[in-house]
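Asks: Mind folding the following:
(one chain, ligands or ions: 1)
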Amino acid sequence: NAYLGAIDAANGSLTAFVAVGYDKARSMAKASDERLAKGAGGPLEGVPLGIKDLFATEGDHTQACSRILDGFRPPYESTVTANLWADGAVMLGKLNMDEFAMGSSNETSAYLPVKNPWRAEDSSTDLVPGGSSGGSATAVAANLCAAATATDTGGSIRQPAAFTGTVGIKPTYGRCSRWGVVAFASSLDQAGPVTHTVQDAAIMLKSMASLDPKDSTSSDVPVPDFEAAVERGVKGLTIGIPKEYRMEGMSDEIDTLWQNGIAMMKDAGAEIRDISLPHTKYALPAYYIVAPAEASSNLARYDGVRYGLRESGKDITDMYEKTRAAGFGDEVKRRIMIGTYVLSAGYYDAYYLRAQKVRTLIKRDFETVFDDGVDAILTPATPSAAFPIGDNERHVDPVAMYLNDVFTVTVNMAGLPGIAVPAGLNAQKLPLGLQLIGKPFDEETLFAAGRVIE
Ligand code: GLN
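Replies: Below is the predicted model:
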C-alpha cells in the first residue's frame with residue numbers, strides 16, 4: 001500500500017509506470033502475508049517489484065511500450081517473472097521503456113517520456129533517466145518500487161542505472177531465460193535487475209536466473225549464492241583498465257570519476273593493470289548492424305494478424321502496411337530499415353557478415369586479457385551524466401544518441417556480465433556510474449568489486 005501510494009503521488013509527473021495492477025498487487029501481497037504467517041516464504045517474500053513492459057506477465061499490459069501491441073495481453077508468463085513470483089515477490093505494475101527497447105533516453109516510448117527524479121543543482125530542466133529501461137531506473141530511484149526488472153541489449157540496464165544513481169547488472173548471456181521477454185536482438189538481449197544497492201542486485205539476480213528448457217540459449221550453469229559474494233572484497237584481484245576506453249574528447253568529470261574508481265580498487269587491495277582491448281572502436285558500429293538485423297527479423301511477426309493493433313486495408317498487403325505504419329514509431333522503423341538493408345542480398349557479406357566477424361574479434365580481446373590473469377575490467381558506464389529531455393542534437397542526429405552506448409555495447413557483443421554502480425555526483429550534483437566487466441558467469445566478482453565502489 002505504501003508503494004501504491006507513492007506511485008499515485010509521483011507517477012503523474014514521472015511516468016515510470018505505464019500500468020499499475022492495484023488489485024493484483026494487493027492480492028499477491030495478501031497471499032505473501034499468509035505464507036509468512038504459516039512460517040513459509042521465499043527469499044523475496046512480499047517484496048514489491050516493478051516489471052519492465054518487455055516481460056510477458058499473464059493477462060496484463062505487455063506492449064514493449066509500442067502501439068503495435070495495443071490491447072495485447074499475453075496468455076503466458078515470462079520465465080524470469082515466474083521465478084520472481086515463485087520466490088514470493090509482488091508485482092506492482094509494468095514499467096515504461098523505449099519502444100521495443102530501442103533507445104537510450106526513454107523518449108521512443110509510445111507513452112510519455114519518463115522523467116529522471118534527479119535534476120541538476122539550481123535547474124528546473126527535466127532530464128532523461130536513460131534508456132531503454134528508464135522506467136525501471138526512475139521507479140527504483142524515486143522509491144516507487146523496491147527493485148525492478150530490466151533488460152539490456154547494448155546498455156539498457158547499465159546506462160539508466162548510471163543516470164539515476166541506481167545499481168544495474170546485465171548478467172552473462174544465458175544466465176536468465178529470454179522466454180516471454182519480447183525479443184529485440186536475440187543474441188544480445190539479457191534480463192537483469194535495477195536496484196538500490198549491490199546487495200539487492202545480488203539477491204534479485206539469484207531469483208531471476210535459471211536454466212530454462214523453453215530458451216535453448218539459457219545456460220546449464222549453477223546459479224551461485226550471489227549475495228554471499230557481495231562482501232568478499234577485491235584484495236588480490238587484478239583489475240584491468242583498458243586504454244581504448246579513454247575516448248577522444250572524454251570529459252574531465254568522467255575522467256575524474258574513473259580515476260577515483262581506480263583509487264578505490266587500489267585502496268581495497270586490488271592490483272591495477274593497464275590493458276588493451278584493440279577492437280573496442282569497432283564495437284558500436286558493429287552493434288548498430290547486428291542489433292537492427294536481428295530486430296528486423298524479430299519484428300516481422302507484428303503484421304496486424306497475430307498480435308495487437310490492426311488497421312483496416314483494402315487487401316492483406318495494404319493491411320500490413322497500414323498497421324506497421326501506424327503501430328511502429330520512428331526509431332523502430334529506422335532499425336527495421338537498417339536491419340533489412342544489411343541482411344539483403346548483395347549487402348549481407350559487406351555489412352552483416354563483417355559485423356559478425358568483428359564481434360568475434362571483440363570477444364577474443366576480452367578472452368586474451370582474462371586469460372592473462374585479469375579478474376575484472378573497470379570503465380566508466382556512460383560518457384556523460386543524464387541529459388535534458390528533448391535534447392535537440394540527439395534527435396536531429398540519431399548517431400549522437402547511439403554514442404551513449406560506447407562503453408556498454410562491447411559487453412553485449414562478447415556476451416559478458418557487466419554491472420553499473422553509482423560512483424558519485426558531478427559538479428551539478430547529478431549521479432555518475434562506473435562499470436565493471438567480468439568473465440563469463442563470474443557475476444560474483446562484479447558484485448564484490450561493485451560493493452567496494454558504491
Ligand atoms: N541504446 C541501445 C539501443 O538503442 C541499447 C538498447 C538496449 O540495450 N535495449 O539499441
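
Asks: The ligand contacts on the stretch 251-400 of the chain?
Replies: Within the stretch 251-400 of the chain, the positions lying close to the ligand (Cβ under 6 Å from any ligand atom) are residue 291. (Each C-beta comes from the backbone N, C-alpha and C, glycine too.)

Asks: Okay, helices next: where are they in the stretch 251-400 of the chain?
Replies: Assigned by DSSP state H, counting those that start in this stretch, the stretch 251-400 of the chain shows helices spanning 252-267, 283-298, 316-327, 330-343, 354-371, 392-396, 398-402.

Asks: Identify whichever of those lies nearest to residue 430.
Replies: Distance to residue 430, taken as Cβ to Cβ, is lowest for helix 252-267 among the helices of the stretch 251-400 of the chain, at 9.4 Å.

Asks: Which neighbouring elements make contact with that closest one?
Replies: For helix 252-267, the contact count by 3 or more Cβ pairs under 8 Å, 6 or more residues apart in numbering; DSSP states H and E identifies strand 238-242, strand 271-275, strand 376-380, strand 418-425, strand 431-438, helix 443-453 as packing neighbours.

Asks: how near is the residue in the stretch 251-400 of the chain that the ligand sits nearest to to residue 76?
Replies: Relative to the ligand, the nearest point of the stretch 251-400 of the chain is residue 291 (5.3 Å; Cβ to the nearest ligand atom). The gap separating residue 291 from residue 76 is 26 Å, by Cβ to Cβ, to the nearest Å.

Asks: Which one of the two is surrounded by more residues?
Replies: residue 291 (27 against 14; other Cβ atoms under 10 Å).

Asks: these two touch, right, the more buried one and residue 185?
Replies: Yes - in this structure residue 291 lies within contact range of residue 185 using Cβ atoms under 8 Å: 4.2 Å.

Asks: Now for the two: what residues contact both?
Replies: Common neighbours of residue 291 and residue 185 (criterion: Cβ atoms under 8 Å, 6 or more residues apart in numbering): residue 153.

Asks: pLDDT of stretch 361-375, averaged?
Replies: Averaged across stretch 361-375, the pLDDT comes to 98.

Asks: scratch that, stretch 250-259 is what I was asking about
Replies: 96.

Asks: got a list of contacts for it?
Replies: Outside stretch 250-259, the residues that touch it by Cβ under 8 Å, 6+ apart are 241, 246, 378-380, 382-385, 423-424, 426-427, 432, 434.

Asks: Okay, buried residues for it please.
Replies: 253, 254, 257, 258 (16 or more other Cβ atoms under 10 Å).

Asks: Show the contacting residues for residue 98.
Replies: Under the criterion of Cβ under 8 Å, 6+ apart, the contact partners of residue 98 comprise 65, 104, 105, 106, 107, 108, 109, 131, 132, 134, 156, 331.

Asks: Check what pLDDT the nearest residue to the fourth one once chain neighbours are set aside gets.
Replies: So that's residue 106. Taking Cβ to Cβ, 6 or more residues apart in numbering, and ignoring the residues beside it in sequence, residue 106 has residue 134 as its nearest neighbour in space, at 3.0 Å. According to the prediction, residue 134 has pLDDT 98.

Asks: Columns neighbour count on top of the contacts of residue 98, output as a markdown table?
Replies: Compiled in a markdown table, these are given as follows (neighbours: other Cβ atoms under 10 Å):
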| residue | neighbour count |
| --- | --- |
| 65 | 30 |
| 104 | 27 |
| 105 | 30 |
| 106 | 34 |
| 107 | 22 |
| 108 | 25 |
| 109 | 27 |
| 131 | 31 |
| 132 | 35 |
| 134 | 37 |
| 156 | 36 |
| 331 | 17 |
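
Asks: out of those residues, who's nearest residue 84?
Replies: Once Cβ to Cβ is applied, the member of the contacts of residue 98 that ends up nearest residue 84 is residue 156, at 18.9 Å.

Asks: is it true that that closest one touches residue 100?
Replies: No - with contact defined as Cβ under 8 Å, residue 156 does not reach residue 100; the gap is 10.9 Å.

Asks: Residue 245 and residue 170, how far apart?
Replies: Look at residue 245 and residue 170: by Cβ to Cβ, they are 17 Å apart.

Asks: typo on my end, it should be residue 228
Replies: The span separating residue 228 from residue 170 equals 21 Å under the rule Cβ to Cβ.

Asks: Comparing these two, which residue is more hemmed in?
Replies: For residue 228 versus residue 170, the count of surrounding residues by other Cβ under 10 Å is larger for residue 170: 35 against 13.

Asks: Identify the residues contacting the more buried one.
Replies: 152, 157, 158, 190, 192, 411, 412, 417, 418, 419.

Asks: before we move on, back to that, for the helices and strands packed on helix 252-267, could you give me JSON lines that also reports mean neighbour count?
Replies: Supplementary listing: those in JSON lines, determined by neighbours: other Cβ under 10 Å:
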{"stretch": "strand 238-242", "mean neighbour count": "21"}
{"stretch": "strand 271-275", "mean neighbour count": "15"}
{"stretch": "strand 376-380", "mean neighbour count": "25"}
{"stretch": "strand 418-425", "mean neighbour count": "26"}
{"stretch": "strand 431-438", "mean neighbour count": "28"}
{"stretch": "helix 443-453", "mean neighbour count": "26"}
